[in-house]
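Enquirer: Provided below are the primary sequence and the corresponding predicted coordinates.
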Amino acid sequence: MLWDDFMKSDYHDWRGSGHSEDRLDKPGWLEQWLAIHNLPYPGTPSAKELDDLRWLRGHMLRIVQKLTVHESAAPADLEGLNRALSGGPMFLRIAESDADYRLESIPLRAGWSRIGAEVAASFGRILTECEPSRLRICENPDCMAVYYDETRNRSKRFCDDKACGNLMKVRRFRARQKAAKTGVTTSES
Ligand SMILES: [Zn+2]
């Protein structure tokens, strides 16, 4: 989804090196993210446009943090989403191909404010049309990536089972091994 890929711009090394970076500062990253979602790259964002994107990301993160502990989103954060939406007004139009009809939304504005509105709309659809109770924060404390749990039994604990899931399994295994070793030493002494 557009919104959760956008959240990945706030990168923390999930392997625990402590390295983190804000990929919004990397034009190459932004360009690639938009290309994946078939959106035009409006060029390197200005300082103000970057600030707006960072604010939007902060609002979305705080909403997810609230929802994952079964609290309601703060009005200020919803207001932030609405502000981003108002930056990219659009109109609807009916398109037809081979007797198939679909509603298309046509943006009235180009540029980063329109991208911000698309991101807010993508996240807004989770809140309004999906199940917000499926929003999660990865349980790897070095990662904390945000995602939407699509598993049937709502049991997804990590953003990526192959990466964070495996790493945490290895860490638990090592902790158990260490505890067992300490146990042996204690009984011997
Ligand atoms: Zn993770």
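Expert: Thanks, I have the structure now. Residues are numbered from 1 along each chain as shown.

Enquirer: Distance check, residue 13 against the ion.
Expert: Distance, residue 13 to the ion, using C-beta to the ion, to the nearest Å: 10 Å. C-betas here are computed from N, CA, C, even on glycine.

Enquirer: for residue 23, same thing?
Expert: Distance from residue 23 to the ion, by C-beta to the ion: 16 Å.

Enquirer: Could you pull out the buried residues of the lowest-mean-pLDDT helix or strand in the chain?
Expert: The weakest-scoring helix or strand in the chain, judged by mean pLDDT, DSSP states H and E, is helix 166-188 (a mean of 82). For helix 166-188, burial by neighbour count (16 or more other C-beta atoms under 10 Å) applies to 167-168.

Enquirer: Export only the CA atoms of that helix, formatted as CSV.
Expert: Taking Å, rounded to 0.1, in the frame of the first residue of the first chain, the C-alpha atoms of helix 166-188 are listed here in CSV:
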residue,chain,number,x,y,z
ASN,A,166,13.6,-15.0,12.2
LEU,A,167,16.0,-12.6,14.0
MET,A,168,13.8,-12.6,17.1
LYS,A,169,13.6,-16.4,17.0
VAL,A,170,17.4,-16.5,16.9
ARG,A,171,17.6,-14.0,19.8
ARG,A,172,15.1,-16.0,21.9
PHE,A,173,17.1,-19.2,21.2
ARG,A,174,20.4,-17.5,22.2
ALA,A,175,18.8,-16.1,25.4
ARG,A,176,17.5,-19.5,26.4
GLN,A,177,21.0,-21.0,25.7
LYS,A,178,22.7,-18.4,27.8
ALA,A,179,20.2,-18.9,30.6
ALA,A,180,20.7,-22.7,30.5
LYS,A,181,24.5,-22.2,30.6
THR,A,182,24.3,-19.8,33.5
GLY,A,183,22.1,-22.4,35.2
VAL,A,184,24.8,-25.1,34.8
THR,A,185,27.5,-22.8,36.2
THR,A,186,25.4,-22.0,39.2
SER,A,187,24.6,-25.6,40.0
GLU,A,188,28.3,-26.5,39.7
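
Enquirer: Thanks a lot, catch you later.
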